[in-house]
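> show me how the following folds:
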Amino acid sequence: MKNFFIKKLTTELKTDSTIQNLISRISDVFSDESIKFVTSTDSIRSTKVPLPLLSFDLRQYTRRNWVGINPFIFISEIMVILSKMDENNISIKLTIDQTRAVFIYAIILFLLSFVAINLPKGWIGILFFGSLACICYGFIFLLCINRFIKKEIVDELR
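Predicted coordinates:
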């Protein structure tokens, strides 16, 4: 996982559970979201993340967040590393590869450019296209995906 689109998140969790127990609970989350994965003693890494293309594919939806969309379908790969800090504190390091989200964003920009070109006045089309693209990228891909993934994993570990 070495590229420009990698996001690293770190959080701490107070728990009495062992790392192996927490890894098994994370693997339950991955199984529920149809992610294939590999585990080791202190980490879990995805090997295949589903990409549902049609709206009737149930892997696209989840009941774990208030939006109802599976945030894992927008990422290419995820790795979770757990390390014990002291007796009750465990450090959780999430590494999320967002290459798929960038490609989806590029497709949206490409489609929106056709809409902007066909709007009546050129500057209005460019303004509409730019503002819609910024809103789309900023809200969906930068804010929601990482927060939902982190929240799902941390909520399962609590």
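> for residue 61, which non-adjacent residue is spatially closest?
In space, not counting the residues next to it along the chain, residue 61 is nearest to residue 68; the distance is 5.6 Å by Cβ to Cβ, 6 or more residues apart in numbering. For the C-beta atoms, the positions are set from N, CA and C on the backbone; glycine is no exception.
> and that neighbour, how many residues sit next to it?
Residues lying near residue 68 (other Cβ atoms under 10 Å) number 10.
> cool, and residue 49?
Counted with other Cβ under 10 Å, residues neighbouring residue 49 total 22.
> just checking, it touches residue 73?
Yes: Residue 49 is in contact with residue 73 according to Cβ atoms under 8 Å; the separation is 6.9 Å.
> need the overlap of contacts for those two.
By Cβ atoms under 8 Å, 6 or more residues apart in numbering, residue 49 and residue 73 have these common neighbours: residue 100.
> so what's residue 39 bridging to?
residue 44 (DSSP bridges).
> count of neighbours near it?
15.
> any idea how far it is from residue 22?
To residue 22, residue 39 is 11 Å away according to Cβ to Cβ, to the nearest Å.
> check residue 74 too.
Using Cβ to Cβ, residue 74 is found at 24 Å from residue 22.
> the more surrounded of the two?
In this view residue 74 and residue 22 are compared by other Cβ under 10 Å, and residue 74 has more residues nearby, 24 against 21.
> confidence score at the more buried one?
Residue 74 is assigned a pLDDT of 81 by the prediction.
> pretty sure it contacts residue 99?
No: Residue 74 is beyond contact range of residue 99, at 10.1 Å (criterion: Cβ under 8 Å).
> all good on my end, thank you.
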